[in-house]
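S.K.: Here is the input, now give the coordinates:
(chains A, B and C)
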Amino acid sequence: MYSDLLANLNPEQREAVTLPPVNENGQAQSALILAGAGSGKTRVLTTRIAWLIQTGQVSPIGVLAVTFTNKAAKEMMLRLSAMLPINTRGMWIGTFHGLCNRLLRAHHKEAGLPSTFQILDTQDQLSAIKRLLKGLKVDDEKYPPKQLQYFIAHAKERGQRAKELSVGDDFQAKMAQLYEAYDEQCQREGVVDFAELLLRSYELLKHNEAIRTHYQERFRHILIDEFQDTNALQYAWLKLLSGHDASRVNVSGMGSSAVFAVGDDDQSIYAFRGADVENMRLYEKQYHPMMVKLEQNYRSHGHILDTANYLISNNTDRLGKNLRTDAGHGELVRIYDAPSDHAEAAWLVDEIKALVSSGIKRTEIALLYRSNAQSRIIEHALFSAAIPYRVYGGLRFFERAEIKHALAYLRLLENPNDDTSFSRVVNFPTRGIGARSIEAVQDAARAQNSSLYLAASTLDGKAGASLGGFVRLVDHMREATRYNTLPETVEFVIQNSGLIQHYLSEREGQDRVENLQELINAATAFIAEEGYGQDATAATLPGENAPGVVEVSPLAAFLSHASLEAGDNQAQAGQDAVQLMTVHSAKGLEFTSVFITGLEEGLFPHENSINEQHGLEEERRLMYVAITRAKERLYLSHTQSRMLHGQVRYNMPSRFLEELPCDSLKWLTPKVKDARWGGTGNGNGGRSGSTWQDGYTRQREFGSNDFFDSGNERERPARQIGRVGSASTAVTRMAAPPRGNYPFTIGQNVFHTKFGEGRVTGLEGNDADARAQVNFKRHGVKWLQLSIAKLAAID
DNA sequence: GGAACACACGTTTTT
DNA sequence: CGTGTGTTCC
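M.R.: Below you'll find the predicted structure:
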């Protein structure tokens, strides 16, 4: 019986899993599960599928489950096959892009694509755009490729083709025109970008009734993870497929499908890439789902959870949810105030050493930051202290240049019209095909409206000879590998293209050679995992039983795989290393100990988000995500000065620190140094001090150094004050009381070129480290390094 | 064809 | 300040 499936669920999880998918009128009943951080969301989603299948309400082929990452999809399949004796490989569980790819492969003709269509990743798309602009002789200063890329992606994510755009001005009109030209170029070359995968399959379903009806009637249950991260196109896609769209023709009278959406509006942190939380409200309105809230948290101890709840309650416009735990209060959340970014890093090192010697595994320690630029200084400190660390978010395996080169050759075997791939490797390794030849072939291709590959064989003269050689090389490789297995093909291509040889002769090429060899292994692993037989000539997409048999060669499948799943984005897995990552990439992860660093105004919340409500609330959700990563111990740190863009900046502590419950906090340093609370109260936007309720002195007596002997529980470490403007010459010294040798006095009115008028409220340090605290009329309280700041006395 | 130089740019990221 | 990209020069 299925009861054992439900045995380990709490009541709210069980309720969610067993929500009736059909209402009293026999119609499909959708559901919305508001799943807080660490509430067992994946478990509920997976168990729901298992429950539906085990109770005979649907067969595995009638389920469609959508996730945002391959990792989540794999996890789901893994757990599902542990619950039920079924082959999950055949099920439609995957990412939006993966599933759309599957759909388009199965119906490429109806979708207007060649069977060999290739997928452009972000890099490929950008180079395709650059090539387009060059071909059209468009000024890329006026129409920056990056901006056009963004323009196209966002239009597609809203479901709009170039022709449907309403253009306000000449610039937009030109952008729309370039968008159209880009789509034509892609069509000619037989390539699709990421957004195109979705838009094209949406249009396929919308315009092809037979296919639409087939899938609508097949997928009686549609489950979606991370619903708060869906964009407009994904929502429309879902609506169409679930039959909640006006275009549905209800042939068999089955009605619409039951949608089971799981999400957390408080963890919506991807608005910048088109995600729209409004979809949750829209869904509520249009699907009338039954709602279940998962508020029992299994991850964090009480103080950490209280901190998260308290913070997020500052957001307006939430669907409303409060996490609770049975784990007890646990430890207080620690806050550290560092004088500089160097000092912050030094403190991190000390604290990590202490944690490790207390028995915590390094992999259980996460160092989070708002932006990648912050990692360097931390890395430097960790490196110097010989603490192993791992940074998330670098180049992934399939994104490496040498791998992209090898894949470009492989793609040309499949689809010679792929001009992006052609351009990438036509002269790599160099084979004497210079700019002149490339221009000639581009002109010829334009004249004939053909691909570069086809145009190359029509050229004569010097360009014709060299390009002909390249075409023959590719043709030869295609011919020679016709009956090879995929790994054999990969090996043949990296050898015969000259890639291996090229990198072998390069001084720094050894890693690249190893990566190329790893690509052979990846191909071998792919064949094994995807269940292809030894016959490499053709294979059926596993589990496919859509109308028409899908024949996809292992090579084509491998190339799709390489585009859709760029590989691990974490280096050297397995080693016991401290984990460094942005808050964004920490989403979905958990650690025993978490450090959230750089909690300063302008950094976190980021200055670009500070001025509008939406931006600020998203930053707050980001902070919420960061806090809820911690299981047992959470540290929050901020610094008074930080090197950013080659300039030292003095930021106020993050406003988020003020939005935390004091009863759950513990300061490792006295807060009197905090400019935010040290000021006279104006310039703080009325946010000063009032929320604190603990025993610490909030108001600082300016100019005094009472904090050096105040009763903090931990000895203040030697302060490391980076000499402004040259981080490498940072000197460590004990902070000394001011000697009184300052160009300004407390109470004096001063003028700063950037911050305007203000009054000196504090002075400290000596000589090069002399600093003044100034309360600016318009910018609040700041500490300024006197050797740097352009500060003038006004009388 | 590759190194040296100049210059621009600087939130977050998955597919 | 540091990186990545594009250009120029040998």
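
S.K.: domain assignment for chain A?
M.R.: What the TED database lists as the domains of chain A is A:11-110+A:196-296, A:119-189, A:333-396+A:570-667, A:401-543, A:748-793.

S.K.: need those domains in TSV with distance to A:Leu305, can you?
M.R.: Backbone N, C-alpha and C define where each C-beta goes, glycine included. Shown next, in TSV, are the domains of chain A (distance: least, CB to CB, whole Å):
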stretch	distance to A:Leu305
domain A:11-110+A:196-296	9
domain A:119-189	34
domain A:333-396+A:570-667	8
domain A:401-543	39
domain A:748-793	31
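
S.K.: So which bits of stretch A:155-164 are buried?
M.R.: With burial defined by 16 or more other CB atoms under 10 Å, the residues of stretch A:155-164 counted as buried are A:Ala155, A:Lys156, A:Glu157, A:Arg158, A:Gly159, A:Gln160, A:Ala162.

S.K.: got the end-to-end distance for it?
M.R.: End-to-end distance of stretch A:155-164: 9 Å, with CA to CA, to the nearest Å as the criterion.

S.K.: Find the nearest non-adjacent residue to A:Gln121, please.
M.R.: No Gln there; residue A:121 is Asp. A:Ser563 (5.4 Å; CB to CB, 6 or more residues apart in numbering).

S.K.: which SS class is the one you found?
M.R.: Here A:Ser563 is helix, with the state taken from DSSP: H, G, I helix; E, B strand; the rest coil.

S.K.: if we can go back for a sec, of the domains of chain A, give the one that comes closest to DNA strand C.
M.R.: Checking these against DNA strand C by CB to the nearest atom of the strand gives domain A:333-396+A:570-667 as the closest, at 2.5 Å.

S.K.: ok, that closest one near DNA strand B or not?
M.R.: Yes. Between domain A:333-396+A:570-667 and DNA strand B, judged by CB under 7 Å from any atom of the strand, the touching residues are A:370-373, A:393, A:581-582, A:584-585, A:606, A:608-609, A:645-646.

S.K.: ok, so of the residues you listed, who is nearest A:Ala523?
M.R.: Among these, A:Gly393 lies closest to A:Ala523 (CB to CB), at 25.5 Å.

S.K.: Neighbours of the spatially closest residue to that closest one that is not a sequence neighbour, how many?
M.R.: Sequence neighbours aside, A:Ser585 is the residue nearest to A:Gly393 in space, at 5.3 Å (criterion: CB to CB, 6+ apart). Neighbourhood size, A:Ser585 [other CB atoms under 10 Å]: 17.

S.K.: Now do the same for A:Ser585: its pLDDT.
M.R.: Predicted confidence (pLDDT) for A:Ser585: 96.

S.K.: So which bits of the stretch 101-250 of chain A are right by DNA strand B?
M.R.: Going by CB under 7 Å from any atom of the strand, the residues of the stretch 101-250 of chain A near DNA strand B are A:Asp121, A:Thr122, A:Phe194, A:Ala195.

S.K.: Could you look up the SS state of A:Asn775?
M.R.: strand.

S.K.: Quickly note the distance from it to A:Leu784.
M.R.: A:Asn775 is 11 Å from A:Leu784, where distance means CB to CB, to the nearest Å.

S.K.: what's the answer for A:Thr669, then?
M.R.: For A:Thr669 relative to A:Leu784 (CB to CB), the value is 20 Å.

S.K.: Which one's more surrounded, these two?
M.R.: Neighbours were counted for A:Thr669 and for A:Leu784 using other CB under 10 Å; A:Leu784 has more, 24 against 21.

S.K.: Helix, strand, or coil at A:Glu488?
M.R.: Three-state assignment for A:Glu488 (three-state DSSP): helix.

S.K.: Neighbours of it, how many?
M.R.: Neighbours of A:Glu488 under the rule other CB under 10 Å: 16.

S.K.: Grab the nearest non-local neighbour of it.
M.R.: Distances taken as CB to CB, 6+ apart place A:Thr481 nearest to A:Glu488, at 6.9 Å, with adjacent residues excluded.

S.K.: my guess is that neighbour meets A:Glu491, correct?
M.R.: No. A:Thr481 lies out of contact with A:Glu491 (CB atoms under 8 Å); the separation is 9.4 Å.

S.K.: Helices of the stretch 401-550 of chain A, start to end?
M.R.: Taking DSSP state H, counting those that start in this stretch, the helices of the stretch 401-550 of chain A run over residues A:401-414, A:419-425, A:435-448, A:452-456, A:461-480, A:486-496, A:499-504, A:510-530.

S.K.: Wait, a strand at A:Thr592?
M.R.: Yes. According to three-state DSSP, the state of A:Thr592 is that of a strand.

S.K.: ok, it - contacts?
M.R.: Counting by CB atoms under 8 Å, 6 or more residues apart in numbering, A:Thr592 makes contact with A:Ile360, A:Lys361, A:Glu364, A:Ile365, A:Ala630, A:Lys631, A:Glu632, A:Arg633.

S.K.: Tell me the spacing between A:Ile33 and A:Lys134.
M.R.: 49 Å.

S.K.: quick one, which of the two is more surrounded?
M.R.: The residue with more neighbours, out of A:Ile33 and A:Lys134, is A:Ile33; 28 against 13, by other CB under 10 Å.

S.K.: Can you pull the phi/psi pair for that one?
M.R.: Main-chain dihedrals, A:Ile33, degrees, to the nearest 10: phi -110, psi 120.

S.K.: returning to what we had before: as CSV, the residues of domain A:333-396+A:570-667 next to DNA strand B with secondary structure would be great.
M.R.: Shown next, in CSV, are these (three-state DSSP):
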residue, secondary structure
A:Arg370, coil
A:Ser371, coil
A:Asn372, helix
A:Ala373, helix
A:Gly393, coil
A:Met581, strand
A:Thr582, strand
A:His584, helix
A:Ser585, helix
A:His606, strand
A:Asn608, helix
A:Ser609, helix
A:His645, coil
A:Gly646, coil
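
S.K.: now, the most widely separated pair of the residues you listed?
M.R.: Comparing all pairs in these by CB to CB, the longest separation belongs to A:Ser585 and A:Gly646, at 25.8 Å.

S.K.: got any ranges where chain A has weak pLDDT?
M.R.: Within chain A, the ranges that satisfy pLDDT under 70 run A:1-3, A:246-254, A:532-551, A:569-574, A:671-741, A:753-756, A:765-769, A:777-783, A:787-790, A:795.

S.K.: Longest strand in it, by number of residues?
M.R.: Longest strand in chain A by number of residues (criterion: DSSP state E): strand A:630-644.

S.K.: Given that one, what are its sheet partners and their directions?
M.R.: According to DSSP bridges, strand A:630-644 forms sheet pairs with strand A:333-340 (parallel), strand A:591-596 (parallel), strand A:647-649 (antiparallel).

S.K.: So for whatever helix or strand comes next after the last one, what gets flagged as buried?
M.R.: Going back to what we said before, that points to strand A:647-649. Heading C-terminal from strand A:647-649, the first helix or strand you meet, by DSSP states H and E, is helix A:655-658. Residues A:Arg655, A:Phe656, A:Leu657, A:Glu658 are the ones in helix A:655-658 that count as buried (16+ other CB under 10 Å).

S.K.: mind checking how far the third one is from A:Lys206?
M.R.: Using CB to CB, one gets 49 Å for the distance from A:Leu657 to A:Lys206.

S.K.: same thing with the first one?
M.R.: Distance, A:Arg655 to A:Lys206, by CB to CB: 45 Å.

S.K.: just A:Thr582 next, same as before
M.R.: Counting by CB to CB, the separation of A:Thr582 from A:Lys206 is 37 Å.

S.K.: Settle it for me: which of those two has more neighbours?
M.R.: A:Thr582 (19 against 16).

S.K.: quick one, what contacts that one?
M.R.: A:Leu368, A:Tyr369, A:Arg370, A:Ser371, A:Asn372, A:Tyr392, A:Gly393.
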